[in-house]
Structures are given as C-alpha cells and as structure tokens.
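Colleague: here you go, sequence then predicted model.
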Amino acid sequence: GQQLNQSPQSMFIQEGEDVSMNCTSSSIFNTWLWYKQDPGEGPVLLIALYKAGELTSNGRLTAQFGITRKDSFLNISASIPSDVGIYFCAGLSTGAGSYQLTFGKGTKLSVIP
Amino acid sequence: DTGVSQDPRHKITKRGQNVTFRCDPISEHNRLYWYRQTLGQGPEFLTYFQNEAQLEKSRLLSDRFSAERPKGSFSTLEIQRTEQGDSAMYLCASSLGQGVFQPQHFGDGTRLSIL
C-alpha cells in the first residue's frame, strides 16, 4: 500500500525558532493535508494543498505541495509554546473514487520556552 | 459546538466482549470516515460512507468489525469478540462533497482499552 515518510520524527526547539518538517512518498497524491494533534484529541486541519507547486500560508504556518506530487513540507515561523504537539501529513489519491487519507507517522514538536 | 462528536470518549472492556461506538458528523457533511490510530502512528483508514452507502472498506476492517450509517447522519462502529490488538483510538471524520474532495474534519476519538 501507499506509505508516507515523515521527518523528522521529533524536534526540540527554542521558542522563537523556525521549524521545518516534510513528507515524501513513492506514490503520487492529488491532495496534501497537514494536521496537528494534541494529546487525547483528534487531528485538527491546518492547511490543505490541492495543486502541484501550490504554496499556502495560514498565519505562521506555510506549506507547499511538491511539483512531483510526491512530497510536501510544512514550515512554522517564530514558534511559540502552544505549537507543541504532533504534526501529521496526509495524502489523498482519488483513484477509482477513493477518499481515504494516508497519514505519515507524525513529527512530535517540543518547544522550550 | 458543531464539530464531529464521538461517544464514548473512553471504553474499557474485557477481551471477547462486543463494543459499539457512535459518531455524529458535522450536520451538513454527507461523507463520514472511520480511522484507527495506535500509539506512535498516524491514523489508518478503516471505512467511508457517502450518505448511507458504505463505499470503501480497508483490509484492516476484519469480519469482526461492522460500521453502519442507516439514515445518512450518525454512524456506529461495532467490534465483536474484541481482542488485545483492538486497543487503539478510533477516530471519526466527516466532510462535504459531491465528487470534489473536501478536507476531512476529525472528532476527538474513542479510546478503546482491552483488558
């Protein structure tokens, strides 16, 4: 089946630093999504990307859909303590009417005040 | 709050028992999805409904698992004869859409623990 390789697995950064994480796949995806999950809660959608090469921002977050359609990255600028959590990339391949998302294993972000 | 609602939030049961979870999607969403998430992993797709029709099932959905969405609104996921390996967070998501993909919005999940 399809797999997403998400890196890094975990990061420890100082408050105020910028963060970058990425996802790669051997398969092509039509849509890339980035979610954040806090302990005991469900994933919350951060950014959705629909087109190869697309660069989208949401406040301090910026994500890009790779032009090969096999990768995506997420940047967080000027990190703050509430950025702590697990960030997941997810890809969608809508072949044959499928709408299932394939998720990476997550990047655990810790922010040191 | 009009987000995706799941009940119960936590379920502890003995191995071999049956359990049922409920999901209430965002009210205007016609698509509903079930995922399973184990510790240290991302969510894994189980099944998907468009209105009341179950259109897709993962190979993870063994014959002990059954999902329904009888009136195209809320959905239930039942696990029969639970096993230790069923311990996980079960997440429900919903989205709008008629052909065009819309992002899935998740509930806070039901955490299942099998003793």
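Modeller: Yep, that arrived.
Colleague: and the residue of chain B closest to chain A?
Modeller: residue B:42 (3.0 Å; CB to the nearest CB). Any C-beta I mention is one placed from the backbone N, CA and C, and that applies to glycine too.
Colleague: that residue against residue A:107, yeah?
Modeller: No. Checked against CB atoms under 8 Å, the pair residue B:42 and residue A:107 is beyond contact range at 10.5 Å.
Colleague: return every residue with contacts to both of those two.
Modeller: Listed as contacting both residue B:42 and residue A:107 by CB atoms under 8 Å, 6 or more residues apart in numbering or on different chains are A:6, A:88.
Colleague: quick check: closest non-adjacent residue to residue 113.
Modeller: If you meant another chain, say so; for now it's chain A. residue A:15 (5.1 Å; CB to CB, 6 or more residues apart in numbering or on different chains).
Colleague: my question was about chain B
Modeller: For residue B:113, the closest residue by CB to CB, 6+ apart turns out to be residue B:12, at 4.7 Å.
Colleague: neighbours of the one you found, how many?
Modeller: 12 (other CB atoms under 10 Å in any protein chain shown).
Colleague: return the residues in contact with it.
Modeller: Contacts for residue B:12 (CB under 8 Å, 6+ apart) come out as B:112, B:113, B:115.
Colleague: in which helix or strand would I find it?
Modeller: strand B:10-13 (DSSP states H and E).
Colleague: pull the CA atoms of that strand into CSV?
Modeller: Written as CSV, here are the backbone C-alpha positions of strand B:10-13 (Å, rounded to 0.1, in the frame of the first residue of the first chain):
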residue,chain,number,x,y,z
HIS,B,10,-13.2,6.1,26.6
LYS,B,11,-14.2,2.5,26.7
ILE,B,12,-12.5,-0.2,28.8
THR,B,13,-13.7,-3.8,28.2
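Colleague: bridging residues for the residue of chain A found nearest chain B?
Modeller: Closest approach between chain A and chain B, counting by CB to the nearest CB: residue A:103, at 3.0 Å. Beta-bridge partners recorded for residue A:103 (DSSP bridges): residue A:90.
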